[in-house]
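Asker: The amino acid sequence is not available; the structure is as follows:
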């Protein structure tokens, strides 16, 4: 469908620029009654309506993407992914990428991912199982080719979060991804970071696909145990403490 009119996009005040852009864009989405699947105005339309530069628009769109509210389709535009209202609360995360910050984040991930895996084993539909299978096979292919598959690994875990049936799982992990974007390009400059966890991903998928909640929990903990061990060891080797 065509983009909605941008005549309701109001120029922002100069202070608190990112927050103001986010609020103005939220107001526009609500007032236009945009629903999941609808396309947002183009970058240029937003720039003209808000009277801000391209980099400011992209920063806010990336933030909304990290929150799981919009998705960017290459060559097509930015689309609303989840319902948005004036009562929507944004929960930005601030995470340190030193060893202690990584370990603190891992504690939160452990709680989230174990619960998500259990719920996915209980709730996943056949279509969601197939999505997980596809993400896993792609991750395995990239890993075998390159020796690492960080982004593909994340996509596999996101498919588990979606199958858990609670959108907050996916939103929280995506926010963590935004905070760790540069780190996860090449953790500790090591292609082998958490490489020992690779076989457990296939076992985790098999457990979820068969509805085995206890084995899903077990294999999730095995993956995160390897991640924790590598954070501690590699942080010492690189003085990232």
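Answerer: Arrived safely. Note that the structure is a prediction, hence the values are computed from the model and not measured.
Asker: elements contacting the helix or strand where residue 203 lies?
Answerer: Residue 203 belongs to helix 198-209 when elements are defined using DSSP states H and E. Packing contacts for helix 198-209, counted by 3 or more Cβ pairs under 8 Å, 6 or more residues apart in numbering; DSSP states H and E, involve helix 99-123, helix 126-146, helix 150-163, helix 213-238. (Each C-beta comes from the backbone N, C-alpha and C, glycine too.)
Asker: quick one: buried residues of the host helix or strand of residue 27?
Answerer: Using DSSP H and E, residue 27 falls within helix 17-32. Neighbour counts over helix 17-32 (16 or more other Cβ atoms under 10 Å) mark 17, 20, 21, 22, 23, 24, 25, 26, 28, 29, 32 as buried.
Asker: For residue 139, give me its contacts.
Answerer: Residue 139 makes contact with 149, 152, 153, 155, 156, 201 under the criterion Cβ atoms under 8 Å, 6 or more residues apart in numbering.
Asker: any idea how far it lies from residue 61?
Answerer: Distance, residue 139 to residue 61, using Cβ to Cβ, to the nearest Å: 26 Å.
Asker: residue contacts, residue 83?
Answerer: Counted by Cβ under 8 Å, 6+ apart, residue 83 has contacts 35, 36.
Asker: and it, how far is that from residue 112?
Answerer: 22 Å.
Asker: now residue 223
Answerer: Taken as Cβ to Cβ, the span from residue 223 to residue 112 is 13 Å.
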